[in-house]
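Peer 1: Got a predicted model here, sequence first, then my questions.
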Amino acid sequence: MTKRRLRVQIQGQVQGVGFRYHTCKQANEIGITGWVRNCPDGSVEACICGNGKQLDDMQQWLAHGPEWATVSDIHVESMAEPAELNVFKIT
């Protein structure tokens, strides 16, 4: 299957609620590679790499996040084909 890479910006109450930790855990369960990080504006940014189903599943999860988070908006954009990423990590 063809892998794609997406950049996802998640806004809302997403910092200080374990969002990055749970994103990493979910990505590993789905088989996604990439990274997640906090942004200075209070949002969370993720780079997710995988096949179509994996990316769809991860986007659906990111739209809600862990139970302590409140996601108000999610913005997704395609990125150029990545250098091979082998893991998902918090940066």
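Peer 2: Yep, that arrived. Numbers count the residues shown, from 1 in each chain.
Peer 1: Please make it C-alpha for all contacts and neighbour counts, starting now.
Peer 2: Noted.
Peer 1: Strands of this structure, start to end?
Peer 2: Remark: strands assigned in the chain by DSSP state E are 4-13, 33-38, 44-50, 70-79, 88-90.
Peer 1: so of the ones you listed, which one's packed in deepest?
Peer 2: strand 44-50 (a mean of 23; mean count of other CA atoms under 10 Å).
Peer 1: so how far is that strand off the chain centroid?
Peer 2: 4 Å (CA atoms, centre = their mean, to the nearest Å).
Peer 1: before we move on, what about stretch 71-91?
Peer 2: Worked out by CA atoms, centre = their mean, stretch 71-91 lies 6 Å from the chain centre.
Peer 1: what's the span of that stretch, first residue to last?
Peer 2: Counting by CA to CA, to the nearest Å, you get 20 Å between the two ends of stretch 71-91.
Peer 1: Show residues contacting it.
Peer 2: Under the criterion CA atoms under 8 Å, 6 or more residues apart in numbering, residues 3-14, 20-21, 24, 27-28, 32-37, 49, 62-65 lie in contact with stretch 71-91.
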